[in-house]
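>>> Sequence and predicted structure below; questions after.
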2 protein chains.
Amino acid sequence: MTEAIAFLQPNAAILARRKEIIADLAELVPAERLVHEPVELVPFETDGFLAYRRRPLAVVLPETTAQVAAVMKYCHRYGIPVVPRGAGTSLSGGAIPQEDAVVLGLSAMSRILDIDYANRCATVQAGVTNLSISDAVGVDGFFYAPDPSSQLACTIGGNIAMNSGGAHCLKYGVTTNNLLGVKMVLVDGTVIELGGKALDAAGYDLLGLVCGSEGQLGIVTEATVRLLAKPEGARPVLFGFDSAEAAGSCVADVIGAGIVPVAIEFMDKPAIGICEAFAKAGYPLDVEALLIIEVEGSEAEMDAMLADICDIARKHGVKTVRESQSATEAALIWKGRKSAFGATGRIADYICMDGTVPLSQLADVLRKTSEITDRYGLRVANVFHAGDGNMHPLILYNINDPEDAARAEAAGMEILKLCVDAGGCLTGEHGVGIEKRDLMRHQYAEADLAQQMAARAAFDPTWILNPSKVFPLEGRG
Amino acid sequence: MTEAIAFLQPNAAILARRKEIIADLAELVPAERLVHEPVELVPFETDGFLAYRRRPLAVVLPETTAQVAAVMKYCHRYGIPVVPRGAGTSLSGGAIPQEDAVVLGLSAMSRILDIDYANRCATVQAGVTNLSISDAVGVDGFFYAPDPSSQLACTIGGNIAMNSGGAHCLKYGVTTNNLLGVKMVLVDGTVIELGGKALDAAGYDLLGLVCGSEGQLGIVTEATVRLLAKPEGARPVLFGFDSAEAAGSCVADVIGAGIVPVAIEFMDKPAIGICEAFAKAGYPLDVEALLIIEVEGSEAEMDAMLADICDIARKHGVKTVRESQSATEAALIWKGRKSAFGATGRIADYICMDGTVPLSQLADVLRKTSEITDRYGLRVANVFHAGDGNMHPLILYNINDPEDAARAEAAGMEILKLCVDAGGCLTGEHGVGIEKRDLMRHQYAEADLAQQMAARAAFDPTWILNPSKVFPLEGRG
């Protein structure tokens, strides 16, 4: 396909020095942690945003913060772009490299360093996978809350870069709400620490700024995250509706009533069909829209909250209410939801949008999304975090048909603009990356963008860190 | 008293132009919103950190964002320092002016602009008081969570500047966890908007950076804050212990067990006596330390959580457990706690420290705090947010005795260093201000401070906004 998104022109002087650079990097990391043979570089050419790919100059996979610092110091001295990478699961192309860049992968730094229940936190290396934190503390009754669908693979470092969310973030917040501190290597190799085990930090909240900065302010090598106690019980309940509008209005009324379940997930009819075929979760197939609402706590607490939710759902003409009857059923319900992207990938190529909207706009934006994809002659499946207003239209297309791909990309951009115009935002949890970079001007006025870039320049004035991402290529400060 | 904390030398050229500047400001705000007569400037000379005061050049109290922008544009052009001010309740001297500065007070911007239950948020002007937000939505069953003791007076703008907390922030988080968006005037008068009603925002989290930046990055004129539904019920319970260590260990074990009550407040024997004399709240006088633990929810939920807490308290030899038996009793319990500073002020002058420590260090730091004040021959009362590890030793002294005042200040600095050395932080919710500015080097390495100042420079490169605060005067970038 022709590429709608431009990459920066590679620096010819850096490309010409490739061999020398690789020899220098070999002094900084162990031999087995330096990847430079073309065939071995292929896996690092792209990430979860498969439509674009570039082969990097080299990949380093350091084992220590000191090695990360040495690589940054070297690359900074010679002006070599650095693209940080966790597990490469980014859906917005946040880890896609460029030809003149060194990919700095954190996957070899995957140790849990400290579990501290007295302060309800764990300190881990940046390459630890999201799920392995919960796995390590589950036996003691604790868990780490943010739960991206890719949690089996994605790393905490990548989660911090993208401020990742997940189905259960309605109640527990996203990464920034569960991150207490980081160790970070600055662009010139200086190591700093932000935050820690105690509440707050004196001075500015640089930790908050770093969370969600998509690898452009420094390389996080360690993180201290909040642990939470597991609830007494949890129960996902299925609510089927005759229209997406009714389901959307129901969500707005639940939240508007001040009720905060752990999760409110939405699926439209196409998504229900796709996920049910894959997971056999018992989703009703005779409805137009499905909400998975999970409550937790004691049996009495769950009953009380569900009664309130059912009252509201009835006002919106709910057709089916089905409670999970066992842990197995509950697990199947979540398996269906969390495998939505994978299950969709079995039937078609897709791009996944990630716009957010105020809840009062949910029903209206869903309707207009259908109008847009109808106009382009494309199929869409909607499966998303409705309680947070975080929409994920999956636009189905054929990656091998350039015209179809171009239509899908154009429809996606229209949908994101629709979200912004409804008072929402380009991205809820997947990040801007390379995918939405050029839409930042639709979201922000010049003054807003200029201030964000000024903040960036306070960390990386020469645009070495992940430079193709987040900000439009034109008009950079 | 001699002043231990240095102020910046006033700019003589600005002082010489005072009359001209006042005439110029008169063009930018209505006549009644410009204060410049010496006697009228007295109330603006200091804030809740009474030991220091300076008379500002003038005070402006704009009524609109446009007026704020006009004042900032003017002051920026002529390099005139600007000190933002909410209600002037800062305990760290965050709003204390300097002789060559214009105080920019937000108190005239006190309107609630929008209440939006469907998106569970309210948009207010920066000069709105904290409590008036909850008052406005209470009738509909909602509230705004952060609740500083000064909530009757303090403004949301000041809360944002200091990232204020309060007794109930254990469960609900501090200001940054409840802030969705702001309208902000940059140093040159440009108006930007950060965040909004939808989840997250594309690009960097400048909102997170601004929250807690103590008026140094811009002037917030409007804020959109999260509203929460009031719980079904709430019940504060008193737990008396024979030693501060036992109470501190009990707190660490409650939190370590993953139990999150709404509030865990701590009072030592001196604080209990002071507060009981003032509020007649029924605090037990025969114990060495008191915890006020508040649970909320349905009766069954409260009973269940209390049972778990009582089990832990018994392991630490709790001596008294007393549940409030009525709404009146509950209100008295909180009146006693929230008036602790005022009640202390009736018997002596005091300075209030604000260090945080990891919970596992609580008992140890309490013991060492007593050793420090004993060594200085000073009395101390401890009353603080124990669940958050946010300590507030009140050091009693005589403000009219310079030697006593110097001793109190020296003891306070030792206590804050103790918190930092225990893995904590200089400030939990009161901010660095002018008070703790010179201790920032104890908290941070040079590289950390340099990075914070670089972020500051991205907003205010010439140090016009609240320049005497947060960062040590020497070694500024």
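Perfect, I can see it now.

>>> from here on, contacts and neighbour counts on C-alpha atoms
OK.

>>> now the strands: where do they sit in the stretch 151-300 of chain A?
With DSSP state E, counting those that start in this stretch as the criterion, the stretch 151-300 of chain A has strands at A:179-185, A:191-195, A:219-226, A:228-229, A:234-241, A:263-268, A:289-296.

>>> burial measure for A:Ile347, as a count.
Neighbour count of A:Ile347, defined by other Cα atoms under 10 Å in any protein chain shown: 11.

>>> circling back to that earlier point, which of the strands of the stretch 151-300 of chain A sits closest to A:Cys211?
strand A:179-185 (8.4 Å; Cα to Cα).

>>> could you give the angle of the closest one to strand A:191-195?
With axes from the mean of the first three to the mean of the last three Cα atoms, to 10 degrees defining the directions, strand A:179-185 sits at 170 degrees from strand A:191-195.

>>> can strand A:179-185 be found next to chain B?
No: applying Cα under 8 Å from any Cα of the partner chain, one finds strand A:179-185 separated from chain B by no less than 10.4 Å.

>>> Can I get that strand in CSV? Just the C-alpha atoms.
The C-alpha atoms that make up strand A:179-185 are tabulated as CSV, following Å, rounded to 0.1, in the frame of the first residue of the first chain:
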residue,chain,number,x,y,z
LEU,A,179,2.6,4.2,39.2
LEU,A,180,4.5,5.4,42.3
GLY,A,181,8.0,5.9,41.0
VAL,A,182,10.5,5.2,38.2
LYS,A,183,14.2,5.1,37.6
MET,A,184,14.9,6.8,34.3
VAL,A,185,17.9,7.4,32.1
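
>>> Relative to it, what are the paired strands and their orientations?
Strand pairing for strand A:179-185, using DSSP bridges, gives strand A:191-195 (antiparallel), strand A:219-226 (antiparallel).

>>> looking only at pLDDT, what's the mean for that strand?
Strand A:179-185 carries an average pLDDT of 97.

>>> Check what contacts it and list those residues.
Defining contact as Cα atoms under 8 Å, 6 or more residues apart in numbering or on different chains, one finds that strand A:179-185 is touched by A:65, A:68-69, A:72, A:191-197, A:207, A:218-226.

>>> returning to what we had before: make CSV out of the strands of the stretch 151-300 of chain A and add distance to A:Ala122 and mean neighbour count.
Formatted as CSV, those follow (distance: least, Cα to Cα, whole Å; neighbours: other Cα atoms under 10 Å in any protein chain shown):
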stretch, distance to A:Ala122, mean neighbour count
strand A:179-185, 9, 24
strand A:191-195, 13, 20
strand A:219-226, 5, 27
strand A:228-229, 11, 22
strand A:234-241, 24, 24
strand A:263-268, 24, 26
strand A:289-296, 24, 26
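
>>> Next, count neighbours for A:Leu113.
For A:Leu113, the count of nearby residues is 12 (other Cα under 10 Å).

>>> Quick check, it in contact with A:Ala126.
No: with contact defined as Cα atoms under 8 Å, A:Leu113 does not reach A:Ala126; the gap is 10.6 Å.

>>> residues from the stretch 251-400 of chain A in reach of chain B?
Residues of the stretch 251-400 of chain A that fall close to chain B, judged by Cα under 8 Å from any Cα: A:252-253, A:255-259, A:300-301, A:356-360, A:388-390.

>>> For the buried ones among those residues, write the corresponding ChimeraX selection.
Remark: buried members of those, expressed as a ChimeraX selection using 16 or more other Cα atoms under 10 Å in any protein chain shown:
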select /A:252,253,255,256,257,258,259,301,356,357,358,359,360,388,389,390
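
>>> Sort out which of the residues of the stretch 251-400 of chain A next to chain B are in helices and list them.
A:252-253, A:255-256, A:300-301 (DSSP state H).

>>> Among the strands of the stretch 151-300 of chain A, which comes closest to A:Arg437?
strand A:219-226 (20.7 Å).

>>> quick one: that closest one to chain centroid distance?
Remark: strand A:219-226 is offset 17 Å from the chain centroid, using Cα atoms, centre = their mean, to the nearest Å.

>>> quick check, A:Phe384 in a helix?
No: counting by DSSP: H, G, I helix; E, B strand; the rest coil, A:Phe384 is not found in a helix; it is strand.

>>> Roughly how far does it sit from B:Asn382?
The gap separating A:Phe384 from B:Asn382 is 48 Å, by Cα to Cα, to the nearest Å.

>>> Save the ones in helices among the residues of the stretch 251-400 of chain A next to chain B as a markdown table, and put in pLDDT too.
What follows is those, written out as a markdown table (pLDDT from 0 to 100):
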| residue | pLDDT |
| --- | --- |
| A:Ala252 | 92 |
| A:Asp253 | 94 |
| A:Ile255 | 92 |
| A:Gly256 | 90 |
| A:Ala300 | 89 |
| A:Glu301 | 89 |
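
>>> ok, of those, which one's closest to chain B?
A:Gly256 (4.3 Å; Cα to the nearest Cα).

>>> Contacts for stretch A:105-114, please.
A:59-64, A:84-87, A:122-129, A:133, A:155, A:157, A:221.

>>> Just the residues you listed: which are in helices?
A:133, A:157.

>>> Narrow the contacts of stretch A:105-114 to those that are buried.
A:59-64, A:84-87, A:122-129, A:133, A:155, A:157, A:221.

>>> Could you check the pLDDT of the residue most central in space within chain A?
Centroid check for chain A by Cα atoms, centre = their mean gives A:His430 as the closest residue, at 3.3 Å. Looking at A:His430, its pLDDT reads 92.

>>> likewise the one 10 residues further on?
The predicted structure scores A:Met440 at 95 on the pLDDT scale.

>>> so what's it up against?
Per Cα under 8 Å, 6+ apart, neighbours of A:Met440: A:426, A:449, A:470-472, B:202-203.

>>> at 7 Å instead, please
Applying Cα atoms under 7 Å, 6 or more residues apart in numbering or on different chains, we find A:Met440 in contact with A:Phe471.

>>> re the thing from before, just the element for the residue nearest to the centre of chain A, please.
Using DSSP states H and E, no element contains A:His430; it sits outside every helix and strand.

>>> who's in contact with it?
Going by Cα under 7 Å, 6+ apart, A:His430 touches A:90-92, A:162, A:164, A:354.

>>> For A:Asp448, pull up the helix or strand it's in.
A:Asp448 is located in helix A:446-457, with elements delineated by DSSP H and E.

>>> Mind listing residues that contact that helix?
Residues contacting helix A:446-457 (Cα under 7 Å, 6+ apart): A:217, A:477, B:192, B:204, B:455, B:458.

>>> count of neighbours near the first one?
Going back to what we said before, that points to A:Leu217. 28.

>>> Equivalent analysis for the fifth one, please.
Residues near B:Ala455, counting by other Cα under 10 Å, number 23.

>>> Tell me the secondary structure at A:Thr344.
A:Thr344 ends up helix, using three-state DSSP.

>>> What separation is there between it and chain B?
A:Thr344 sits 25 Å away from chain B, taking Cα to the nearest Cα, to the nearest Å as the criterion.

>>> With A:His442 instead?
A:His442 sits 11 Å away from chain B, going by Cα to the nearest Cα.
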